[in-house]
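> Take this sequence and fold it.
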Amino acid sequence: MVVVFVLVAIAVIALLAGVHRYVWSRLVRDTTAGRGRARRIGTVVMWVLPLLSLGALMSGRAGAPLWLESVLAWPGYLWLAVLLYLVLALLVGEVVRAVWLRLGTSSPAEPAVAAPEPSLHTVPAGAAETPAPDPGTAAPNGPPADAPAPDARTSADEPAGPAQRQVSRRLFVSRVVGGGAAAAALGTVGYGTQGVLRGPRVTRVTVPLAKLPRSAHGFRIAVVSDIHLGPVLGRAHTQRIVDTINRTSPDLVAVVGDLVDGSVADLGPAAEPLAQLKARHGSFFVTGNHEYFSGAGEWVDHVRELGLRPLENQRVEIAGFDLAGVNDVAGESEGEGPDFGKALGDRDRGRASVLLAHQPVVIHDAVEHGVDLQLSGHTHGGQLWPGNYLAELANPTVAGLERYGDTQLYVTRGAGAWGPPVRVGAPSDITVVQLASRQA
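Alright, predicted model coming up:
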């Protein structure tokens, strides 16, 4: 197992080194003339940024204080997002670069410069050539008095040859393509960061349930997942989420995992605004995989102190339906994984049921146990395009509502972000799920 981990780590490091080498060659080497100051500065920057990213990824696991994690996280994580879109933009730019340079080399060749004609007078063999005296000369060996001044033009003033023009054109094209790629990457990441820091928007969806009684028609559940409190997103982020949820006046709040990326000691104060959540039937919590990286037991106790009710493979009866919650599958490593039998095994299947489960992959267990609706998160909707295509490989549903047999699955994109505080093509959300009775 250790050997596999080491091999994977070496492969990842080699890949990142190759990617940074490529970016350096296109943004630094190809856009600078000679080994001047600009190239030296660019090279230093291309060394420092990946080191900051490595520090951001490793500082938490190394037990660094939260303030140091925050210092490293902002530039380190943002660079990873910029790097992704830089590489994508530069790869597109390769086509532009090739076409542009090819058009430049296909232009007609410059006309050749005529060589000076040789002298027409001849000199007898063995005799030294002596020019005929000019009446206007001031001295036998001096230049003619009325002759023009010698041409003082240096070689630097000579018109650039084809090779020089091609080098200048290549430099110009590299600067335009590299600058365009950098602008596109920075603009994309800037927009995606602003979306995360602004806070999640509210999405509303109506889900009809065949077994839901008429008395529960219109019941509203505010679903929030993947808040990811940590070195980047803190108390202000939590407060924005709480304020947004409270404005929807839900009947019930469901926090479906990945609340934190750190310990209660470090992030407990950042989670305190959760105590302000208001819902007629209360607020409920289930663990996500990141809780098991951060001390799940302590966090379960802490959210209980904040007024949320953890559902650890448990079920409660709400007006008109059963609400169940299971631990995340990451808890299996600690003997605390999901237990569907415990949460759902002895219930009355004639009642409607709603299941809180962090990861969508447990949908097949939900179908087997007759769940009517599963509410999940975990995927972030892919977070950074084209990450949604990778998320589709590991999850049955990446975002939105889908049906599996008699069970419906709704996956929220989440309210925060992991790693880079950036979302592209997958805006953060809080979903208000309104249950509808078919008997109404």
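> where in this structure is pLDDT low?
The model of the chain has pLDDT under 70 over residues 1-2, 5, 104-167, 440.
> any idea which helix is longest in it?
Using DSSP state H, we find that the single longest helix of the chain is helix 66-105.
> Output the contacting helices and strands for it.
Counting contacts by 3 or more Cβ pairs under 8 Å, 6 or more residues apart in numbering; DSSP states H and E, helix 66-105 packs against helix 2-24, helix 37-59, helix 162-198. All C-beta atoms are positioned from the backbone trio N, CA, C, and that covers glycine.
> Okay, buried residues for it please.
Under the neighbour-count criterion of 16 or more other Cβ atoms under 10 Å, helix 66-105 has 66, 69-74, 76-90, 93, 97, 100 buried.
> what about that helix, distance to the chain center?
Counting by Cα atoms, centre = their mean, to the nearest Å, helix 66-105 is centred 12 Å from the centre of its parent chain.
> before we move on, the earlier item: looking at the helices and strands packed on helix 66-105, which is nearest to residue 434?
Of all those, helix 162-198 sits nearest to residue 434, with 24.7 Å by Cβ to Cβ.
> between the closest one and helix 66-105, how big is the angle?
140 degrees (axes from the mean of the first three to the mean of the last three Cα atoms, to 10 degrees).
> returning to what we had before: with mean neighbour count as new columns, can the helices and strands packed on helix 66-105 be given to me in CSV?
Converted to CSV, the helices and strands packed on helix 66-105 look like this (neighbours: other Cβ atoms under 10 Å):
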stretch, mean neighbour count
helix 2-24, 12
helix 37-59, 15
helix 162-198, 16
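> Save those as a markdown table, and put in distance to residue 433 too.
Converted to a markdown table, the helices and strands packed on helix 66-105 look like this (distance: least, Cβ to Cβ, whole Å):
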| stretch | distance to residue 433 |
| --- | --- |
| helix 2-24 | 38 |
| helix 37-59 | 35 |
| helix 162-198 | 22 |
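> Out of the ones you listed, the one nearest residue 351 is which?
helix 162-198 (38.7 Å).
> what does the next helix or strand after that closest one rub up against?
Per DSSP states H and E, helix 162-198 leads on to strand 201-209 as the next helix or strand towards the C-terminus. Under the criterion Cβ atoms under 8 Å, 6 or more residues apart in numbering, residues 244, 247-248, 321, 352, 372-373, 401, 408, 410, 412, 427-438 lie in contact with strand 201-209.
> Filter these down to just the ones in helices.
Among the contacts of strand 201-209, the members falling in helices (DSSP H) are 244, 247.
> Would you list the buried entries among the contacts of strand 201-209?
Using 16+ other Cβ under 10 Å, the buried members of those are 244, 321, 352, 372-373, 408, 410, 412, 428-435, 437.
> what separates residue 263 from residue 91, distance-wise?
Using Cβ to Cβ, to the nearest Å, residue 263 is found at 40 Å from residue 91.
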